[in-house]
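Visitor: Next one to model:
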Amino acid sequence: MERPFQKKNDLHFSKNAEEALEQMMDLYGQIVLRTAFFYVQDRFLAEDICQETFIRAYRNWNKFQGNSSVKTWLIRITINLCKDKLGLKAFKSEETTDPTALKTSNYHTVEEEVMNRLHKTEILKHLVSLSKPHQEVLYLYYYLDFSTVEISIASSLPEGTIRARLHRARGQLKKLLQKEGFDQ
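Guide: Numbering: from 1, shown residues only. Take a look at the predicted model:
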């Protein structure tokens with residue numbers, strides 16, 4: 001049976017939970033890990049959340065109805081786990097995060113290197129100075145290439161709210177970049 005919201009990458013997922021888990025981890029493991037790290041800013045906690053995401057996906061594979069893509073479903077699980085771990089209040093506040101406050105070690109795994117490169121981009125440095133809701137919508141839209149519909153599904157918010165946040169977040173980011181001398 002074909003699922004209603006399938007994307008090209010979703011068409012080849014096995015109905016067998018074990019096989020599907022392997023496929024999901026191969027295709028989306030790094031995306032889930034980066035997303036978890038983006039939210040929690042802690043490598044070890046992000047790895048735990050990534051593992052828990054795939055455990056939940058495995059346990060619920062037979063319940064997945066295809067109302068979204070597999071990628072969107074996994075990111076929704078990841079976001080919910082991150083919010084549970086950090087407490088929902090942190091995602092409603094307008095506080096900023098400071099990437100320079102993160103501690104780093106001399107030893108770098110492949111995952112750390114990927115996350116470091118992501119963290120070092122100039123845009124991301126400015127992105128983390130925005131409020132959590134604006135960070136979230138820009139990250140999902142530009143870094144994970146989600147549509148506003150997919151962001152709505154992943155974040156459990158109305159699409160109109162997502163579009164409004166995206167508009168405001170772009171405006172705030174543009175002002176920040178202009179202050180730094182970036183011209184578009």
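Visitor: out of everything not next to it in sequence, what's closest to the residue most central in space within the chain?
Guide: When Cα atoms, centre = their mean is applied to the chain, the residue found nearest the centroid is Thr35 (3.4 Å). Nearest residue to Thr35, sequence neighbours excluded (Cβ to Cβ, 6 or more residues apart in numbering): Thr78, at 5.1 Å. Glycine gets a C-beta too; all of them are placed from N, C-alpha and C.
Visitor: Buried residues, the longest helix along the chain. List them.
Guide: Taking DSSP state H as the criterion, the chain has its longest helix at helix 17-40. Neighbour-count burial for helix 17-40, counted by 16 or more other Cβ atoms under 10 Å, picks out 20-21, 23-25, 27-28, 31-40.
Visitor: Then stretch 67-87?
Guide: Buried, per 16+ other Cβ under 10 Å, within stretch 67-87: 68-83, 85-86.
Visitor: again, but for stretch 170-184
Guide: Quick answer for stretch 170-184 (16+ other Cβ under 10 Å): Gln172, Leu173, Leu176.
Visitor: got the CA coordinates for that stretch in PDB?
Guide: Extracted C-alpha coordinates of stretch 170-184, given in PDB (Å, rounded to 0.1, in the frame of the first residue of the first chain):
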ATOM      1  CA  ARG A 170      14.400  36.400   7.700                       C
ATOM      2  CA  GLY A 171      14.000  40.100   8.500                       C
ATOM      3  CA  GLN A 172      15.800  39.900  11.800                       C
ATOM      4  CA  LEU A 173      18.600  37.900  10.200                       C
ATOM      5  CA  LYS A 174      18.900  40.400   7.400                       C
ATOM      6  CA  LYS A 175      19.300  43.300   9.800                       C
ATOM      7  CA  LEU A 176      22.000  41.400  11.800                       C
ATOM      8  CA  LEU A 177      23.900  40.600   8.600                       C
ATOM      9  CA  GLN A 178      23.700  44.200   7.400                       C
ATOM     10  CA  LYS A 179      25.100  45.400  10.700                       C
ATOM     11  CA  GLU A 180      28.000  43.100  10.100                       C
ATOM     12  CA  GLY A 181      28.600  44.500   6.600                       C
ATOM     13  CA  PHE A 182      27.100  41.600   4.600                       C
ATOM     14  CA  ASP A 183      25.400  43.000   1.500                       C
ATOM     15  CA  GLN A 184      22.900  40.900  -0.500                       C
END
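Visitor: quick one on the thing from earlier: out of the buried residues of stretch 170-184, who's nearest Leu144?
Guide: Leu173 (16.6 Å; Cβ to Cβ).
Visitor: By mean pLDDT, flag the weakest helix or strand of this structure.
Guide: Within the chain, no helix or strand scores below helix 89-92, which has a mean of 48 by mean pLDDT, DSSP states H and E.
Visitor: Great, nothing more from me.
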